[in-house]
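>>> structure, please.
(2 chains)
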Protein chains: 2
Amino acid sequence: MSFKAPVKDMLFAMEHLAQLDQIAQIPGFEEANLETAQAVLEECARLNEEVIAPLNWEGDKNPSWWQDGEVRTTPGFAEAFRQYAQGGWQGLQHPTDFGGQGLPKTIGAACTEILNAANLSFALCPLLTDGAIEALLTAGSDKQKRLYIPPMIEGRWTGTMNLTEPQAGSDLSLVRTRAEPQPDGTYKIFGTKIFITYGEHDMAENIVHLVLARVTGAPEGVKGISLFIVPKFLVNPDGSLGARNDVRCVSIEHKLGIKASPTCVLQYGDAGGAIGYLVGEENRGLEYMFIMMNAARYAVGLQGIALSERAYQKAVQYARDRVQSRPVDGSVAGAAPIIHHPDVRRMLLTMRALTEGCRAMATVAAAAYDAAHHHPDAEVRRQNQAFYEFMVPLVKGYSTEISHEVTSLGVQVHGGMGFVEETGAAQYYRDAKILTIYEGTTAIQANDLVGRKTVRDGGATARAVAAQIRATEAALSASGSEAARAVQARLQAAREAYEQVVDFIVAQGKANPVAAYAGSVPYLMLAGNLMAGWQMARALLAAERELAAGRDAAFMRAKIATARFYADHILTRCAGWRDSIIGGHAAVAEMPLDAY
Amino acid sequence: MSFKAPVKDMLFAMEHLAQLDQIAQIPGFEEANLETAQAVLEECARLNEEVIAPLNWEGDKNPSWWQDGEVRTTPGFAEAFRQYAQGGWQGLQHPTDFGGQGLPKTIGAACTEILNAANLSFALCPLLTDGAIEALLTAGSDKQKRLYIPPMIEGRWTGTMNLTEPQAGSDLSLVRTRAEPQPDGTYKIFGTKIFITYGEHDMAENIVHLVLARVTGAPEGVKGISLFIVPKFLVNPDGSLGARNDVRCVSIEHKLGIKASPTCVLQYGDAGGAIGYLVGEENRGLEYMFIMMNAARYAVGLQGIALSERAYQKAVQYARDRVQSRPVDGSVAGAAPIIHHPDVRRMLLTMRALTEGCRAMATVAAAAYDAAHHHPDAEVRRQNQAFYEFMVPLVKGYSTEISHEVTSLGVQVHGGMGFVEETGAAQYYRDAKILTIYEGTTAIQANDLVGRKTVRDGGATARAVAAQIRATEAALSASGSEAARAVQARLQAAREAYEQVVDFIVAQGKANPVAAYAGSVPYLMLAGNLMAGWQMARALLAAERELAAGRDAAFMRAKIATARFYADHILTRCAGWRDSIIGGHAAVAEMPLDAY
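Model prediction:
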């Protein structure tokens, strides 16, 4: 079950699709060139391949374990986390002011993918800590930043996001956790939070809980929710640890997957009130949380890509080793490794094309994030911000939905052995199932795509992307190779389907919201499929150029073949979604509720 | 987690799609009318809802357990099996000569679905016993039938199928288990069999293993494999039990799902040789096994439908109970049960349409089986046999692939709760994963569809089915209702895509087998999707007639809405597969094997 980080493919995407050289021209990112990226990724690969990946199956066999309010993580996790922190990985994308490395997201995203491919359960701890850091950078006071961020970047402390309550999941307007203002400016927090990832564990000295709660007398609904820091141990002004705060882990969940990652029920205030510190202003908590959630959503998209990569590697390995039956073309006289069989190759190529397509899409989105946040030109920032925001629900929604397909194919390639847990393929399949749920289900991403990202600007951003795709189609036509021509035809058909759907969604968004939202997830799937396919088409063009220049022929030929496969086997799904969205909304509304 | 058998939908399919009244005109089936079917299904529902379904989650929590060669099943299983056997359910479809009920498959299939929906792990024991009975009916001697079949029908003994060995899974030509002829006409069996479902357990007095092995000196490959009876306890001529045979369960697997069903490694002959009795003639074992496997494959298709039904019921229940967010159309002022949200309805309708479509397809196939085996007219038998054989890989392959989609949506509807094992939705998702693997993976079904069922007769059967679908299209046009017109257009488009693919497969089958087999699974998916959609279209026509006659308006309207949904949201997938199969085979072959 060895894992090799796909460093080469990542560097290809950074260089040829995300134009890392342009990111490296942005002030502050001068050192973020391809050489840096390569050095960082290789170092990241080493730690993850050697230390963190081998703990993945171990974590599944020996999950985190609760007793009397304490959580023990899988043996080896705490030590691996120490090495992770000491390597400076927690601070990779965070500001140098607080001890981070200040690298662009374009590079950081690749490291996040590698970490998650190595060990999804493990990776969740740094991921949530990133979220907490992000929230404090966005809305924390200077004092809060100085006090809480450096220890998190050093990996001495970790962070959590406390949103969900039993009655408040997707619908945060229903949050009931209370915050009572105290004379000293602090708050006392009372309530129950569920599904808190790494809400309690033994890998760090302290845990910084970021908690959504309602200040006494605040308005009902989403406009009355505030954000609080509630540390597990109170923090003295000099940064040393004080008393244990009144927050307790009362149980952890028994889950389908990510078993090593403790999913906690946290009880606040049972012994008089947990001490909390307001972040930013009262009643603006959801706004801050959404900033952090956008980062987390993007990262969950990377988790989907990561599991897909891991499942692909494992399936290829098995398909090379397992000998069964004679190939249909008689290319081998007797029984051959199953990779010779057309359907096994179709499965492996489906896995590979989906994985590389989503990685390409995510890498390009990361570059847009970097430009949106750091480019000196305001108009460039604005355009990139719009593009990035449009891409977030696609990176999150599409990459995670495809991780179900890819990890399922991964089990399938293994046949009966795939169903035996010790083989390890089933773990990826189980782990993947959470990805379409947490940080907003696919339907929540699709609502975001329809409402905020498409209808709100009348489809302007969505159509601007279509115009860029048309430019790629023209370049494919200009290339003239057989593969480019084949991909051009598929890309055009998919892009046209997408534009028809965008027109439909914009037209129905207000007139007939049930019609628009009945097609929201199919629209997300179509758009995600197209964006990944578009990037694969750009990758094909780049690979043709590199090939012509005599560089790395084997890699470039494989990229062209994968792009062609994506076009012929994946982009071809788009028209069906278009037909369902535009012609099928009535069928969703017709069935009376009591007839289900 | 209560389960209600979908008796009404089953009776609708039998009456209006499978024309049970015509089956009841076949000599021997005179009593198999709708009243009988209803009485049988209601009795079956009672036992399964009350006794067997409640053990399903229990079996997942407390799986079967191996120690020192013995296997303990989940508490309650043995007693439930006793009740199952005493009710006569094991013999439902078997000949009255041996103590069975002799009911047609059209009715028996519905009972099999109910049992599997109640408890898939439990149901595997009767399912494998059915397979053993079928094999002995086909190829056993009169003495073997008399000795072994009645105790299996009574549920005192159970049966197994022993095919797989570590090196021989899909490729049975690699079977190495040896059979040495003895002077007394028996054989001594030596070898290791893996993945033997209920290969050892504590629910019956004896286990009748049917074992594939190679007689000393037999030819290499599939032509040298024979079939043997190897009872756990030897059977005296009077049917009483004799000595323990030399077969031992040396371990059971730790699996992703169907955990209550023991999956055994059986070791034959470690203490001098297990005594085996040849079934039929030497070297014809695979032939006999295939007859039995066709029955088992059809039954595995039913397992897919069963899990889909169970997952659907559970998801509907949760969607009615769980309150979250205000509906987009403002139909409810505050937060509403999530069944009000368009995407939840889209998910539930996808689950329902796929489930009902596959059930309709399987029911029609069962009726063809009954006619093929029992109709007095040889030409009717021949036509029905061809149709049934064409349908088996579709019922098996498509219904199980869709069970992944449906059980995954079932988890998704539950959101975060779906990922918590105690909720129960995840169990269906885990259990479903085996269905596309055992009794021949989807690729094996697809090879069968391409090779034996399409190319061999030059596409004659496949095109005859298309002609029947055209007749349904004409009937839809004649109906003239809006729903019928909408469904007609989708059905026509899907059927045309199917015909184009059939032409392609027939043309390429010999000329370019890699091209044909690269599209084998997409062809299976397209054909299965179409067959189920065709039956849903027929169901719509029947429901319109019933509605016009004033019968059961609520049920009929829901059926029409579901059929419309199937057409608009499921049949629309067919064109994409067509494009991939016809235009995408080159992309499967292009990637060099060492580039994966």
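>>> from here on, just use CA atoms for contacts and neighbour counts.
Will do.
>>> quick check: residues of the stretch 401-550 of chain A near chain B?
Counting by Cα under 8 Å from any Cα of the partner chain, the stretch 401-550 of chain A comes close to chain B at A:412, A:415-416, A:419-422, A:426, A:430, A:433-434, A:436-438, A:441, A:443, A:512-514, A:517-521.
>>> list only buried entries from the residues you listed.
Among those, those classed as buried by neighbour count (16 or more other Cα atoms under 10 Å in any protein chain shown) are A:412, A:415-416, A:419-422, A:426, A:430, A:433-434, A:436-438, A:441, A:443, A:513-514, A:517-521.
>>> helices - which of those residues land there?
Of the positions in those, A:412, A:426, A:430, A:443, A:513-514, A:517-518, A:520-521 sit in helices, assigned by DSSP state H.
>>> quick check: pLDDT value at whatever residue of the stretch 351-500 of chain A ends up closest to chain B.
Residue of the stretch 351-500 of chain A nearest chain B, by Cα to the nearest Cα: A:Val420 (4.5 Å). Per-residue pLDDT puts A:Val420 at 98.
>>> quick check: it touching B:Lys259?
No - A:Val420 lies out of contact with B:Lys259 (Cα atoms under 8 Å); the separation is 10.6 Å.
>>> any idea of the mean pLDDT in stretch A:437-452?
Rounded mean pLDDT across stretch A:437-452 is 97.
>>> what residues does it touch?
Stretch A:437-452 is contacted from outside by A:170, A:293, A:296-297, A:300, A:390, A:393-394, A:396-397, A:401, A:436, A:505, A:509, A:516-517, A:520-521, A:523-524, B:343, B:412, B:415-416, using Cα atoms under 8 Å, 6 or more residues apart in numbering or on different chains.
>>> can you point out the buried residues in that stretch?
By 16+ other Cα under 10 Å, the buried positions in stretch A:437-452 come out as A:437-451.
>>> are stretch A:552-561 and chain B in contact anywhere?
Yes - Stretch A:552-561 lies within reach of chain B by Cα under 8 Å from any Cα, at A:554-555, A:558, A:561.
>>> pull out the buried residues from the residues you listed.
Buried subset of those (neighbour count, 16+ other Cα under 10 Å): A:555, A:558, A:561.
>>> list the contacts of the last one.
Think A:Ala561. By Cα under 8 Å, 6+ apart, the contact set of A:Ala561 is B:587, B:590-591.
>>> quick one: which of these sit in helices?
Applying DSSP H to the contacts of A:Ala561, the entries found in helices are B:587, B:590.
>>> can you pick the most crowded of the contacts of A:Ala561?
Of all these, B:Ala587 has the most neighbours under the rule other Cα atoms under 10 Å in any protein chain shown, reaching 25 neighbours.
>>> you'd agree that one is up against A:Asp568?
Yes - B:Ala587 is within contact range of A:Asp568, at 7.3 Å (criterion: Cα under 8 Å).
>>> ok, the residue of the stretch 101-250 of chain A found nearest chain B - contacts?
Residue nearest to chain B within the stretch 101-250 of chain A: A:Asp171 (5.3 Å; Cα to the nearest Cα). A:Asp171 makes contact with B:324-325 under the criterion Cα under 8 Å, 6+ apart.
>>> what do you get for A:Gln412?
Residues near A:Gln412 by Cα under 8 Å, 6+ apart: A:418, B:436-437, B:441.
>>> so A:Val250 sits in a helix?
No - applying DSSP: H, G, I helix; E, B strand; the rest coil, one finds A:Val250 to be strand, outside a helix.
>>> quick check, pLDDT for it.
The model's pLDDT for A:Val250 equals 98.
>>> that one: how many residues sit nearby?
Neighbourhood size, A:Val250 [other Cα under 10 Å]: 16.
>>> touching, it and A:Val265? I think so.
Yes - here A:Val250 reaches A:Val265: they are 5.7 Å apart, a contact under Cα under 8 Å.
>>> still on that earlier bit, got a list of what the residue of the stretch 351-500 of chain A closest to chain B touches?
By Cα under 8 Å, 6+ apart, the contact list for A:Val420 reads A:426, B:253-256.
>>> what's the closest of those residues to A:Val230?
Nearest to A:Val230, judged by Cα to Cα, of the contacts of A:Val420 is A:Ala426 at 37.1 Å.
>>> surely the closest one touches A:Met417?
No - assessed by Cα under 8 Å, A:Ala426 is found out of contact with A:Met417, at 9.5 Å.
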